[in-house]
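Participant: no sequence on hand, only this structure:
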């Protein structure tokens, strides 16, 4: 990018021009009672506080996706460690099946974390979920393999993945709500883009570590102990949860709601009773994100190596290059969504995926490394139009008193049904249809559903955050 300023610095430097003291916390001068049920919070927030909020949210979300990246990129190795190696495809399906099952607990986690976040505060839910995820990820490194303890190996792996899935249900929604409620009114899209950027950064480090381990260790070393090393790194990352809990205040929007005592005792019940339409729209809008993210950024190295018989090192390198470009694009998308609106960006993303996904997968089969890299950059760039917009869109869709619940339930429900199952479904569809384009068609179907959902949404970017 031409601007060499770091994304965090760029975010901090973009205050709301119309705010008192440049803090950016007052509503737009153009806001009217028609689009605002109660005035937006006017707490002043220092640049130092915003810097700490951005950093903590970034690192807190980073650890989750670092784990998922390592698990996805080393799926071939993990399948031989935890499952019988007599049938490679069955072992690989079982590995992705464990990956998928851990997602089924996410809707339950969404309800619980949403309740904590809307009742006790954003920082309480976010900090606790980060600590729980870090501990569970660390435990994966300690589980003996199938050859040592037999069937207990995959059972323990499944249990730990379920704990991870439960804790993960609170982090993406929590970090997004945290950032959006701290952001200047006209920069919510840019601030919220930190969350998918941290996701991609976690995937990037996972990709780099997997590639490094694959290149410096023998297959025997990697299978015996090398694959465990990345999971050990989760322990120190969990300290960010304590930092959030002890060093940061809760968001101005939540503090204002708590001061007015307008919070509800059962946010989930209030969400289903009053905001059913928003919940349906949100769940549908997340579908493209859920399937696209895991197919393009998590499953792709396995697809290139297992289905197209590309070299493992080349597959990792192609994905790494695509992730670097993705991180740059994601902040541009956040800025664009602040300028052009959330709805327009989400519709554009869905249409592009409907039109270009299958041709892109056709090009992957050429076997040309440069073509594969360019295709992955294209798919990743298209995905940022959705990923970079979705966190602010979902946070703005619900009022403060049910924002955490609405975000967490819709995001985790869609990810549980379609996101976590995406690698499994992609592998299964290829096996059933004997068609290597099956993952592309699956992604097209998800894009159509998301497009329909977003068409029923109202634009949220130009309005102050709802309070009631």
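Facilitator: The structure has been received and is ready for your questions. On a predicted model such as this, the values are computed, not experimentally measured, just so you know.
Participant: buried ones in the longest helix along the chain?
Facilitator: The residue-count maximum for a helix in the chain (DSSP state H) belongs to helix 152-182. Buried positions in helix 152-182, judged by neighbour count with 16 or more other Cβ atoms under 10 Å: 153-154, 156-158, 160-182. (Glycine included, C-beta is placed from N, CA and C.)
Participant: can you name the next helix or strand after it?
Facilitator: Next in sequence after helix 152-182, counting helices and strands by DSSP states H and E, comes helix 188-192.
Participant: so which residues make contact with that next one?
Facilitator: Contacting residues not belonging to helix 188-192 are listed as 10-11, 14, 54, 176, 179-180, 182-184, 331, 333-338, 342, 388-389, 391-392, 395-396, 461, 465 [Cβ atoms under 8 Å, 6 or more residues apart in numbering].
Participant: now it: how far from the chain's centre is it?
Facilitator: Between the centre of helix 188-192 and the centre of its chain there are 15 Å (Cα atoms, centre = their mean, to the nearest Å).
Participant: mean confidence for the helix or strand that that helix is followed by?
Facilitator: Using DSSP H and E, the helix or strand that follows helix 188-192 in sequence is helix 194-216. Within the predicted structure, the mean pLDDT of helix 194-216 is 83.
Participant: next, the angle helix 152-182 makes with helix 194-216.
Facilitator: For helix 194-216 against helix 152-182, the angle by axes from the mean of the first three to the mean of the last three Cα atoms, to 10 degrees is 140 degrees.
Participant: which of the residues in helix 194-216 are buried?
Facilitator: Counting neighbours by 16+ other Cβ under 10 Å, helix 194-216 gives 194-211, 213-214 as buried.
Participant: which other residues reach the helix or strand just after that helix?
Facilitator: The helix or strand immediately downstream of helix 194-216 is helix 219-224, counting by DSSP H and E. Applying Cβ under 8 Å, 6+ apart, the contact partners of helix 219-224 are 77, 80-81, 213-214.
Participant: rebuild those residues as JSON lines, extending it with distance to residue 236.
Facilitator: As requested, the contacts of helix 219-224 are exported to JSON lines (distance: Cβ to Cβ, whole Å):
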{"residue": "77", "distance to residue 236": "24"}
{"residue": "80", "distance to residue 236": "29"}
{"residue": "81", "distance to residue 236": "24"}
{"residue": "213", "distance to residue 236": "19"}
{"residue": "214", "distance to residue 236": "24"}
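Participant: how about low-confidence regions in the chain?
Facilitator: 1-43, 72, 85-90, 92, 96, 99-100, 262-264, 312, 316, 467-468 (pLDDT under 70).
Participant: how about the contacts made by residue 405?
Facilitator: 110-111, 114-115, 117-118, 267-268, 271, 398.
Participant: hmm, back to that, can you tell me which of the contacts of helix 219-224 is closest to residue 61?
Facilitator: Closest to residue 61 out of those is residue 213 (23.5 Å), distances taken as Cβ to Cβ.
Participant: nearest spatial neighbour of that closest one, skipping sequence neighbours?
Facilitator: Leaving aside its sequence neighbours, residue 213 sits nearest to residue 226 (Cβ to Cβ, 6 or more residues apart in numbering; 5.0 Å).
Participant: how about residue 179?
Facilitator: Residue 179 sits nearest to residue 191 (Cβ to Cβ, 6+ apart), 4.5 Å away.
Participant: what's the distance between that neighbour and residue 440?
Facilitator: Applying Cβ to Cβ, to the nearest Å, the value for residue 191 to residue 440 is 33 Å.
Participant: quick revisit: counting neighbours, what do you get for the residue nearest to residue 213?
Facilitator: Using other Cβ atoms under 10 Å, residue 226 has 20 neighbouring residues.
Participant: I'd say it and residue 212 touch.
Facilitator: No: between residue 226 and residue 212 there is no contact under Cβ atoms under 8 Å: 9.9 Å.
Participant: which residues of the stretch 301-450 of the chain fall in helices?
Facilitator: Secondary structure of the stretch 301-450 of the chain (DSSP state H, counting those that start in this stretch): helices located at 312-340, 342-364, 369-387, 390-397, 403-414, 422-433, 438-455.
Participant: turn the ones you listed into a markdown table, columns for distance to residue 61.
Facilitator: Formatted as a markdown table, the helices of the stretch 301-450 of the chain follow (distance: least, Cβ to Cβ, whole Å):
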| stretch | distance to residue 61 |
| --- | --- |
| helix 312-340 | 13 |
| helix 342-364 | 20 |
| helix 369-387 | 12 |
| helix 390-397 | 10 |
| helix 403-414 | 13 |
| helix 422-433 | 19 |
| helix 438-455 | 22 |
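Participant: those: which one's closest to residue 279?
Facilitator: Of the helices of the stretch 301-450 of the chain, nearest to residue 279 by Cβ to Cβ is helix 403-414, at 5.6 Å.
Participant: the closest one to helix 152-182, inter-axis angle?
Facilitator: 140 degrees.
Participant: list the contacts of residue 84.
Facilitator: Shown in contact with residue 84 (Cβ under 8 Å, 6+ apart): 91, 146.
Participant: from residue 147, how far off is it?
Facilitator: Separation of residue 84 from residue 147 (Cβ to Cβ): 9 Å.
Participant: tell me, how many residues neighbour residue 60?
Facilitator: 29.
Participant: show me the contacts for it.
Facilitator: Contacts were defined as Cβ under 8 Å, 6+ apart; by that measure residue 60 touches 126-127, 130, 171, 175, 198, 240-241, 244.
Participant: can we see that at 10 Å?
Facilitator: Counting by Cβ atoms under 10 Å, 6 or more residues apart in numbering, residue 60 touches 126-127, 129-131, 133-134, 171-172, 174-175, 178, 195, 198, 237-238, 240-241, 243-244.
Participant: please report the distance of the residue nearest to residue 179 from residue 343.
Facilitator: Using Cβ to Cβ, residue 191 is found at 19 Å from residue 343.
Participant: neighbour-wise, which of the two wins?
Facilitator: Taking neighbours as other Cβ under 10 Å, residue 191 and residue 343 compare with residue 191 leading, 28 against 20.
Participant: so residue 159 makes contact with residue 153?
Facilitator: No: using Cβ atoms under 10 Å, residue 159 is not in contact with residue 153, being 11.1 Å away.
Participant: what is in contact with the two at once?
Facilitator: Common contact partners of residue 159 and residue 153 (Cβ under 10 Å, 6+ apart): residue 143.
Participant: neighbours around residue 139, how many?
Facilitator: Neighbours of residue 139 using other Cβ under 10 Å come to 18.
Participant: give me the neighbour count for residue 341.
Facilitator: Neighbourhood size, residue 341 [other Cβ under 10 Å]: 18.
Participant: sweet, I'm off.
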